[in-house]
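> what shape does this take:
(chains A and B)
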There are 2 protein chains.
Amino acid sequence: MPLFGALEAGGTKMVCAVGDEQGNILERISLPTRTPDETIPEMLAFYRGKNLTAMGIGCFGPVDLDPTSPTYGSILTTPKLSWRGCPIVRHFTDALGVPAGFDTDVNAAALGEATWGCTREVANSIYITVGTGVGVGVIIDGKPYHGMTHPEAGHIIVAPHPEDPMPVGVCPYHPNCLEGLASGPALERRWGRKAQELSQNPEVWTLEAYYIAQAICNYIMTLSPQRVILGGGVTHQEQMLPLVRQEVKRQLGGYLPGSALENLDSYIVPVSLHDNQGVMGAVKLAMDAASSSGVPHL
Amino acid sequence: MPLFGALEAGGTKMVCAVGDEQGNILERISLPTRTPDETIPEMLAFYRGKNLTAMGIGCFGPVDLDPTSPTYGSILTTPKLSWRGCPIVRHFTDALGVPAGFDTDVNAAALGEATWGCTREVANSIYITVGTGVGVGVIIDGKPYHGMTHPEAGHIIVAPHPEDPMPVGVCPYHPNCLEGLASGPALERRWGRKAQELSQNPEVWTLEAYYIAQAICNYIMTLSPQRVILGGGVTHQEQMLPLVRQEVKRQLGGYLPGSALENLDSYIVPVSLHDNQGVMGAVKLAMDAASSSGVPHL
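Below you'll find the predicted structure:
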């Protein structure tokens, strides 16, 4: 049975795994993200000798996904300076001698859920993660969507809440984008404590739900997904999903027809793959790379 | 040579046309939109006896585009009450006995430009019209995009400008959506005069550009189009496009990489089909309907 290398490359940790065609994760390690010179050899040591058919990489970004570009497979203008310009895909294809699929971390997670998880029966879905940063993976017609570059929908501009005690966000690029106002660091700056220590403060989560819901309304108006997955650290607060659904309903204002929106409990859903959606999506990227490279035994 | 009926169905007027496979518009009339009982027979009288191969209809919405739905081809919750529930497609297929393609008015316009106009060399583009209402047509992989229903991106929530003298919009559903704050009626309510009479007031157009640019930034972050077309009545103000481009650049804040965004003059562009983009897109809808119906001489 063919085996696939799967990498969920994050700014804090690298999750390295091996999976099969059913999306089973057979082996998995997590390494801290240091510099490429340090971390890439450690990752390669994990994958070597495992007789992999292909690699799949879901990577923090922005990344170059244009196969016709000379910098295809590289990390672009990330604030993690040592990774800026890193040709991450080439490191793996050169060292392992197998084809590699490549996408953003959030597109990989969206693809994992769309292949084996809670969006497998719909063609168009989005996966939102709200944690240290905010990212959105977009699946259209069953495939990760790129467009000109790739969606960066964590940075949409949002209307500050009139009672937000800190309506200027933490994003260095945008005074009031979603990530700047609703990420973990935004919460910590606004309330002076880490999110985990604020569970008992309802005003924190009401405001957080306002921003996430506003973004979801805008994604619905723009992308018309058939289902919305909300993941990331913020969903460890169990009150969030019900609050977000209630606020989406309020902000949509009854405008959009469609039975899916009448039952938001099955429209806005939590992740279903127990935080393996990223590496499972990377397995699917690897499978697709193998197919399109014409690897014979697939 | 096969001939195609093309209808751009608007809330104010119905543009009825006949075109060929090159998108040439051979004949065209405009009728006021009254009730279906009055206007549909007038439109049918125009198309009858013209030996059409198929019809294409781009229609004001929201509309039901789901081919598996019992109400496919109908107009849904429009404020124009006499048209609510109108099975507009069936009126034409029944009376003319030809297949019909159907989409939103803005998707049809986006398709016209993508087939014969300024977005024909890119696979992913959007067409924004700002006039009596605000609508956005979305082309993905060369085809009009629907998703769950269809994009309604004129209704995304936007952050009011801190100096907007009238920051509550005219949309009955959303206190601060784009249409509510930037459509013609919004301008008229805010400034007490019609847009045409305000050309010499720079504060009007600076504020208008702020809202349109904010929406375009969000569409870029979410849909990552390769080109953005801005049309509709607002673009009759010649100062608008340069103002919008300047404001998009400011609001993006240098965040997104990509050469397309370095030259906004060729990224955010006016319509190229002289306000025939809607009927020309409807011709393409008709051509596609004929192909997929297996009409023999195509």
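> tell me, what's the model's pLDDT at the closest residue to chain B within the stretch 151-298 of chain A?
The stretch 151-298 of chain A approaches chain B most closely through A:S224 (3.0 Å), counting by C-beta to the nearest C-beta. All C-beta spots, glycine's among them, are computed from the backbone N, C-alpha and C. Predicted confidence (pLDDT) for A:S224: 97.
> what about A:N218, how many residues nearby?
A:N218 has 28 neighbours, counted by other C-beta atoms under 10 Å in any protein chain shown.
> any idea how far it lies from B:Q22?
Counting by C-beta to C-beta, to the nearest Å, the gap from A:N218 to B:Q22 is 38 Å.
> what's the helix or strand for the residue nearest the centre of chain A?
Closest to where the C-alpha atoms of chain A average out (C-alpha atoms, centre = their mean) is A:V106, at 2.0 Å. Using DSSP states H and E, A:V106 maps to helix A:105-116.
> is chain B within reach of that helix?
No: remark: helix A:105-116 sits outside contact range of chain B, by C-beta under 8 Å from any C-beta of the partner chain, the gap being at least 11.4 Å.
> show me how far that helix is from its chain's centre.
Distance of helix A:105-116 from its chain centroid, counting by C-alpha atoms, centre = their mean, to the nearest Å, is 8 Å.
> swap in stretch A:153-166?
Between the centre of stretch A:153-166 and the centre of its chain there are 21 Å (C-alpha atoms, centre = their mean).
> how about stretch A:159-168?
From the chain centre to the centre of stretch A:159-168 is a distance of 26 Å (C-alpha atoms, centre = their mean).
> what of stretch A:83-92?
Here the centre of stretch A:83-92 is set off from its chain's centre by 19 Å, with C-alpha atoms, centre = their mean.
> list the buried residues for that stretch?
A:83, A:86-89, A:91-92 (16 or more other C-beta atoms under 10 Å in any protein chain shown).
> that stretch and chain B, are they touching?
No: using C-beta under 8 Å from any C-beta, stretch A:83-92 stays clear of chain B, coming no nearer than 10.6 Å.
> end to end, how far does that stretch reach?
One end of stretch A:83-92 sits 15 Å from the other (C-alpha to C-alpha, to the nearest Å).
> and that stretch, what's its mean pLDDT?
Mean pLDDT, computed over stretch A:83-92, is 97.
> list the contacts of it.
With contacts defined as C-beta atoms under 8 Å, 6 or more residues apart in numbering or on different chains, stretch A:83-92 is touched by A:5, A:7, A:9, A:33, A:35-36, A:40, A:44, A:47, A:55, A:57, A:59-60, A:71-78, A:98, A:100, A:102.
> mind doing that once more with 7 Å?
Applying C-beta atoms under 7 Å, 6 or more residues apart in numbering or on different chains, the contact partners of stretch A:83-92 are A:9, A:36, A:40, A:55, A:57, A:59, A:73-75, A:77-78, A:100, A:102.
> of the residues you listed, closest to A:Y267?
Of all those, A:Y267 sits closest to A:C59, with 28.9 Å by C-beta to C-beta.
> secondary structure element holding the residue of the stretch 51-200 of chain A found nearest chain B?
Here the stretch 51-200 of chain A gets closest to chain B at one residue, A:G147, 3.0 Å apart by C-beta to the nearest C-beta. Following DSSP H and E, one finds A:G147 outside all helices and strands.
> once you drop chain neighbours, what's closest to it?
Distance criterion C-beta to C-beta, 6 or more residues apart in numbering or on different chains; nearest residue to A:G147, sequence neighbours excluded, is B:S224 at 3.0 Å.
> who are the contact partners of that neighbour?
A:146-151.
> isn't A:C59 up against A:E8?
No: counting by C-beta atoms under 7 Å, A:C59 stays clear of A:E8, with 8.3 Å between them.
> find residues that contact each of those two.
Among the neighbours of A:C59, those also in contact with A:E8 (C-beta under 7 Å, 6+ apart) are A:D105.
> where does chain A dip in pLDDT?
A:296-298 (pLDDT under 70).
> which residues of it lie near chain B?
Residues of chain A lying close to chain B by C-beta under 7 Å from any C-beta of the partner chain are A:62, A:76-77, A:124, A:140, A:146-153, A:155-160, A:173-174, A:176, A:214, A:217-219, A:221-226, A:251, A:253-258, A:260.
> follow-up on the earlier one: top of the contacts of B:S224 by neighbour count?
Neighbour counts for these (other C-beta under 10 Å) peak at A:P151, which has 28 neighbours.
> so that one sits right up against A:V136, yeah?
Yes: under the criterion of C-beta under 7 Å, A:P151 makes contact with A:V136 at 5.8 Å.
> now the phi/psi pair for A:I157, please.
Backbone torsions for A:I157, taken as degrees, to the nearest 10, come to phi -80, psi 130.
> number of residues surrounding it?
27.
> repeat that for A:N51.
A:N51 has 9 neighbouring residues, counting by other C-beta under 10 Å.
> ditto for A:Q22
Neighbour count for A:Q22, taken as other C-beta under 10 Å: 9.
> kindly list the main-chain dihedrals of A:P99?
Phi and psi for A:P99, reported as degrees, to the nearest 10, are phi -70, psi 160.
> let me see the contact set for it.
A:P99 touches A:54, A:93, A:289-290, A:293, A:295, counting by C-beta under 7 Å, 6+ apart.
> quick check on those: which are buried?
Burial of the contacts of A:P99 was assessed by neighbour count (16+ other C-beta under 10 Å); the buried members are A:54, A:93, A:289-290.
> out of those, who's nearest A:R28?
Looking across these and measuring by C-beta to C-beta, the closest to A:R28 is A:A54, at 17.4 Å.
> so who does the closest one touch?
A:4, A:98-101, A:286, A:289-290, A:295.
> repeat that for A:L252.
When the contact criterion is C-beta under 7 Å, 6+ apart, the partners of A:L252 are A:217, A:261.
> give me the element A:C16 is part of.
Element membership for A:C16, per DSSP H and E: strand A:13-19.
> A:V234 belongs to a helix?
Yes: assessed with DSSP: H, G, I helix; E, B strand; the rest coil, A:V234 lies in a helix.
> my guess is it meets A:M240, correct?
Yes: using C-beta under 7 Å, A:V234 is in contact with A:M240, at 5.7 Å.
> in terms of packing, which of those two has more residues around it?
When neighbours are counted by other C-beta under 10 Å, A:V234 and A:M240 differ, and A:V234 comes out ahead with 24 against 19.
> number of nearby residues for the residue nearest to the more buried one when sequence neighbours are not counted?
Excluding the flanking residues, the one nearest A:V234 by C-beta to C-beta, 6+ apart is A:V130, at 4.1 Å. Residues lying near A:V130 (other C-beta under 10 Å) number 29.
> how about A:V130, phi and psi?
phi -120, psi 110.
> for A:G5, identify the helix or strand it belongs to.
Per DSSP H and E: strand A:4-9 holds A:G5.
> ok, that strand: who's next to it in the sheet?
Strand A:4-9 has its sheet partners listed here by DSSP bridges as strand A:13-19 (antiparallel), strand A:54-59 (parallel).
> just the CA trace of the shortest one, in CSV.
Taking Å, rounded to 0.1, in the frame of the first residue of the first chain, the C-alpha atoms of strand A:54-59 are listed here in CSV:
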residue,chain,number,x,y,z
ALA,A,54,4.8,11.5,-2.6
MET,A,55,4.9,14.4,-0.1
GLY,A,56,2.1,16.8,0.7
ILE,A,57,2.8,20.2,2.4
GLY,A,58,0.3,22.6,3.9
CYS,A,59,2.3,25.7,4.8
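> tell me which residues of that strand are tucked away?
Within strand A:54-59, judged by 16+ other C-beta under 10 Å, the buried ones are A:54-59.
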